[in-house]
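Asker: quick check, what structure comes out for this input:
(one chain, ligands or ions: 1)
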Amino acid sequence: MDFDLTQDQREIQALTRDFARAEIEPNASAWDRDHHFPRELFGKLAEIGLMGACVPEEYGGAGVDFLSYILVLEELSRADAGVGVTVAVHTSAATLPILTHGTDEQKARFVPPLARGEHLGAFALTEADAGSDAGALRTKAEPHDSGWTITGAKQWITNGRHAGTFLLFARTDQQTAGARGVSAFLLDAEHVRVTRDEEKLGLNSSVTNDIVIEAAEVGRDRLLHEENRGFRVAMATLDGGRIGIAAQALGIAQAGYDVARAYATERRAFGHRIADFQAIQHKLADMSMEIDAARLLVYRAAWLKQEGRKHTEEGAKAKLFASEMARRQTAEAIQILGGYGYTKEFPVERYYRDAKITEIYEGTSEIQRLVIARSILGLTERALVAR
Ligand SMILES: Cc1cc2nc3c(=O)[nH]c(=O)nc-3n(C[C@H](O)[C@H](O)[C@H](O)COP(=O)(O)OP(=O)(O)OC[C@H]3O[C@@H](n4cnc5c(N)ncnc54)[C@H](O)[C@@H]3O)c2cc1C
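Answerer: So this is what the prediction gives:
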């Protein structure tokens, strides 16, 4: 076993870290406070290849491996988790599924503008009555001679307001309920109307939108993968996407640890640094250990994916552990900072708010446990509710 990152992986990690320190971290509190989506930042990220990091160069990407892309998400999220999720959804949930499931024509047409950051990508599966149970979705795609007419509404779509390309799931077989009879489509911004910006607990530098699709006419060239087999696209996308969310959680936890450790060596009480108290040492030790454990799970899942090996169970374990760890340890970071931790003077309260979502999207913790249980028990039915 080799636990070292390669030279290329270390370089992209350093590149992202330097960029994040200069361009993201100093602005993150203000973006959080003002609920500001830093649209211009994604042009800069594109200039250094980070809007299509793991996309092959022939499609406009930087052509690095999947683990390198995971390192990018970790570093971006360490500076600002909202930026992290924007890039994660754009890449894992919109660009990569086109590369995996698209025709040559679809790849050549839709991927380069995404990989070059000219468009943002979005993933539109969730509806008001179809979250974990995504197979209950009701958005309809009705066939006509040259394609489909799509009508419906989607909820909580990350990047919705700023996206140029949507990977959207709609029911093509109206006679079949559940996951069968759903197809995946590639839509443009003009096919979609944004109806709402969600107010959230955290992740304020990202946008989360309700959208409606009002009898959008799309041709056959917009169908991704086979008709009525779109749920497979969704599940495969989430298998990989989850590793990105795990990396986001890891980055947030690392940021909390960095602040808490530095604070503990400076803050004094009872004539000592608080880092000299065993109670604080134990907290820091646990944080450091759990972050290490999460990192190993996340990098293993990323490595399996890039090797083309099965990663459903490992991705779910990485996401489940990293997200719960991030929520737990960002709370401990607040505790180490005492009253200051609860104020906006330090970023740890933002980390805590941002960490919480990683236990919910791309499959809640309850759903990750279900995915893992099905895998370890060898149950034949694929986790169709696995979001
Ligand atoms: C900020 C944000 C961004 C998002 N971005 C996107 C996006 O870009 N695209 C997109 O399509 N969606 C997106 N989502 C939706 C997200 O994926 C869903 O919120 C998530 O899948 C959970 O669905 P739900 O909220 O409907 O919860 P529900 O499914 O209603 O679940 C409620 C509770 O019941 C539990 N539960 C449900 N089913 C089971 C079960 N079988 N066993 C045990 N417990 C169960 C859940 O774990 C949870 O605790 C986003 C959500 C948020 C908040």
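
Asker: when you work out contacts or count neighbours from here on, use the C-alpha atoms and nothing else.
Answerer: Fine.

Asker: against Ser146, how distant is Asn228?
Answerer: 17 Å (C-alpha to C-alpha, to the nearest Å).

Asker: surely Ala134 and Thr126 touch.
Answerer: Yes. Counting by C-alpha atoms under 8 Å, Ala134 touches Thr126, with 6.3 Å between them.

Asker: ok so, going back, quick one: which of Asn228 and Ser146 has more around it?
Answerer: Asn228 (18 against 11; other C-alpha atoms under 10 Å).

Asker: show me the domain layout of this protein.
Answerer: What automatic domain parsing lists as the domains of the chain is 7-120, 122-229, 232-376.

Asker: what does this structure have sitting close to the ligand?
Answerer: 123-126, 130-133, 156-158, 208, 360-364, 366-367, 387 (C-alpha under 6 Å from any ligand atom).

Asker: what sits closest to the residue of the stretch 201-350 of the chain found nearest the ligand if chain neighbours are left out?
Answerer: The stretch 201-350 of the chain approaches the ligand most closely through Thr208 (5.7 Å), counting by C-alpha to the nearest ligand atom. Using C-alpha to C-alpha, 6 or more residues apart in numbering and skipping the chain neighbours, the partner closest in space to Thr208 is Thr158 (4.4 Å).

Asker: which SSE is Phe123 in?
Answerer: Here Phe123, judged by DSSP states H and E, is contained in strand 120-124.

Asker: C-alpha coordinates for the helix or strand following that strand, PDB please?
Answerer: Next in sequence after strand 120-124, counting helices and strands by DSSP H and E, comes strand 140-144. Once non-C-alpha atoms are left out, strand 140-144 reads as follows in PDB (Å, rounded to 0.1, in the frame of the first residue of the first chain):
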ATOM      1  CA  LYS A 140     -43.400  14.400 -16.800                       C
ATOM      2  CA  ALA A 141     -41.800  13.900 -20.200                       C
ATOM      3  CA  GLU A 142     -44.500  13.200 -22.800                       C
ATOM      4  CA  PRO A 143     -43.300  11.900 -26.100                       C
ATOM      5  CA  HIS A 144     -44.000  13.500 -29.500                       C
END
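
Asker: contacts for strand 140-144, please.
Answerer: Contact partners of strand 140-144, identified using C-alpha atoms under 8 Å, 6 or more residues apart in numbering, comprise Trp148, Thr149, Ile150, Thr151, Gly152, Ala170, Arg171, Thr172, Gln174.

Asker: centre of the chain versus that strand, how much separation?
Answerer: Chain-centre distance of strand 140-144: 30 Å, with C-alpha atoms, centre = their mean, to the nearest Å.

Asker: for the record, mean pLDDT for it?
Answerer: Averaged over strand 140-144, pLDDT sits at 97.

Asker: what comes up buried for that strand?
Answerer: Lys140, Ala141, Glu142, Pro143 (16 or more other C-alpha atoms under 10 Å).

Asker: distance of the second one from the ligand?
Answerer: Applying C-alpha to the nearest ligand atom, to the nearest Å, one obtains 17 Å for the distance of Ala141 from the ligand.

Asker: what do you get for the last one?
Answerer: If you measure Pro143 against the ligand using C-alpha to the nearest ligand atom, the figure is 23 Å.
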